[in-house]
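> Predicted structure and sequence below. I'll ask about it afterward.
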Amino acid sequence: MGNLDLVTIIVIAANAIISYKGFNDYSFFERYKFNVGGIVRGEKIRMFSSGFLHVDMMHLIFNMFTLYFFAPVVVFHLGTFHFLVIYVASLLLGNLLSFYFHKNEHYYSAVGASGAVTGVLYSAILLQPSMQLGLLFIPLPIPAYVFGILYLMYSIYGMKSKIGNIGHDAHFGGAIGGYVATLILMPSLFQTDLLMIGLLALPIIVLFVMHKMGKL
């Protein structure tokens, strides 16, 4: 973890400690997970606390492993404080979008840092779109922006088809948070990478259009 700054290490440690507490304390897990019914009753802390809980160790490791790789890109370009701003904004927007789509399902629950991590991932792609990503299921590295677009299109498909026990809407909301926050914090991207900004906006536009048409 030598290439990680202190703030990123603290974020990863907080996820590990709080998740471990949740693994071993059912009442703690239930009290702080994302739950629509609880949020409607006024337990707004769940919108934030749920982002530090995970279902199991593999869920935690996968999210923190992703953060380990992409947080340094954001920190390098924007600094540690702005990285933290993006992380928190993505976490909250991911849960807000999830709440919006499930507001009438009071039983709906979710946990995980996936929204925050996806926001950091999308921010890193926007800041360094020339990155090449090597994925286990794809034999050759692909441009980061291609992966970002395909991932969000898959998230839309997952939201529509309700595939698996995955919070696709939280992932998508997190990506929007990372995208918007990065552009606010580095508006010079509008001058240097306007085409990339447009390409990465495509899945967001598709989501908006599908929602307006009643297909989501």
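Everything's here; your move. Numbers count the residues shown, from 1 in each chain.
> For the rest of this, base every contact and every neighbour count on C-alpha atoms.
Fine.
> on contacts alone, who are the packing partners of the worst-scoring helix or strand of the chain on mean pLDDT?
Using mean pLDDT, DSSP states H and E, the weakest-scoring helix or strand in the chain turns out to be strand 132-133, at a mean of 81. In this structure, strand 132-133 packs against strand 142-143, helix 144-161, with contacts taken as 3 or more C-alpha pairs under 8 Å, 6 or more residues apart in numbering; DSSP states H and E.
> Return the most buried member of those.
helix 144-161 (a mean of 18; mean count of other C-alpha atoms under 10 Å).
> In which helix or strand does the residue nearest the centre of the chain reside?
The chain has Gly115 as the residue nearest its centroid, 2.3 Å off, counting by C-alpha atoms, centre = their mean. Element membership for Gly115, per DSSP states H and E: helix 114-127.
> The closest residue to Ala89 other than its chain neighbours: which element?
Distances taken as C-alpha to C-alpha, 6 or more residues apart in numbering place Gly177 nearest to Ala89, at 5.7 Å, with adjacent residues excluded. Assigned by DSSP H and E, Gly177 belongs to helix 168-185.
> returning to that earlier point: with only the CA atoms kept, save the helix holding Gly115 in CSV.
In CSV, the C-alpha atoms belonging to helix 114-127 read as follows (Å, rounded to 0.1, in the frame of the first residue of the first chain):
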residue,chain,number,x,y,z
SER,A,114,-19.8,-0.1,-4.5
GLY,A,115,-21.4,3.3,-5.3
ALA,A,116,-18.5,5.2,-3.8
VAL,A,117,-15.9,3.0,-5.5
THR,A,118,-17.7,3.2,-8.9
GLY,A,119,-17.7,7.0,-8.5
VAL,A,120,-13.9,6.9,-8.0
LEU,A,121,-13.5,4.5,-10.9
TYR,A,122,-15.5,6.8,-13.2
SER,A,123,-13.6,9.9,-12.0
ALA,A,124,-10.3,8.1,-12.7
ILE,A,125,-11.5,7.2,-16.2
LEU,A,126,-12.5,10.8,-16.8
LEU,A,127,-9.1,12.1,-15.6
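> which secondary structure elements does it contact?
helix 57-78, helix 80-102, helix 144-161, helix 168-185, helix 194-212.
> just so I know, which of these lies nearest Phe34?
With respect to Phe34, and counting by C-alpha to C-alpha, the nearest of these is helix 80-102 at 7.9 Å.
> helix or strand right after that closest one?
strand 109-110.
> mind checking how far the nearest residue to Val85 once chain neighbours are set aside is from Leu126?
Spatially, and ignoring its direct neighbours in sequence, Val85 is nearest to Ala181 (7.9 Å; C-alpha to C-alpha, 6+ apart). Counting by C-alpha to C-alpha, to the nearest Å, the gap from Ala181 to Leu126 is 11 Å.
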